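[1] Here is my input; please provide its structure:
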Amino acid sequence: MKLSTKGRYAVMAMVDLDLHSDNKPISLADIAERQEISLSYLEQLFAKLRRGGLVKSVRGPGGGYLLARSGEETRISDIILAVDEPIRATRCTPGQPFGCRINKSRCMTHDLWEELGNQIYLYLSSVSVADVIAKRILGTSGVILPKEGGEGPAYAAE
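    Down below sits the predicted model:
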């Protein structure tokens, strides 16, 4: 499963916004420069984030954006969903009673991928913007490496 730049950039921008705002509006130009993201792309993302109730805009000189709620209350899953990034690992449309195969059946591994999507959503729902800033990310178990002798995976934390 691949998270598109839309979701990744929205999360990066929201973390930057919380980190630098100090209860003052931050311009998208400043975020764009710090995060090396196109300003026009950020404008599109922030329009969706505003509609999703995650940011507030302040007009005029010194204007910009603020988080609508604290970084502790802003979940990574909310950000990704606000920018229309689906959190799923199946080809099938969520909530449909039929599968994506030609005969409308589900593939043999459908439940595996659906549960993976559920676990990704649960994980992203457990992490706040403040957690990212404070580096309190759960589940950072390390990179999976092959064990010596090729006998299954080993984890960098082992």
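[2] so what's the residue positioned nearest the centre of the chain up against?
    In the chain, the residue lying closest to the centroid (CA atoms, centre = their mean) is residue 80, at 4.2 Å. Residues in contact with residue 80 (CB atoms under 8 Å, 6 or more residues apart in numbering) are 3, 7, 10, 11, 87, 124. Just so you know, the C-beta spots here come from the backbone N, C-alpha and C atoms, and that holds for glycine as well.
[3] Now do the first one against residue 10, distance only.
    To tie it back to what came earlier, the one meant is residue 3. Spatial separation of residue 3 from residue 10 under the definition CB to CB, to the nearest Å is 10 Å.
[4] shared neighbours, these two?
    Residues touching both residue 3 and residue 10 (CB under 8 Å, 6+ apart) are 80, 85.
[5] Those two - which one has more neighbours?
    residue 10 (29 against 13; other CB atoms under 10 Å).
[6] quick one: the more buried one and residue 78 touch, right?
    No: proximity of residue 10 to residue 78 does not meet the contact threshold set by CB atoms under 8 Å, at 10.1 Å.
[7] what would the contacts of residue 80 look like in TSV with pLDDT?
    Formatted as TSV, the contacts of residue 80 follow (pLDDT from 0 to 100):
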residue	pLDDT
3	70
7	92
10	97
11	96
87	67
124	91
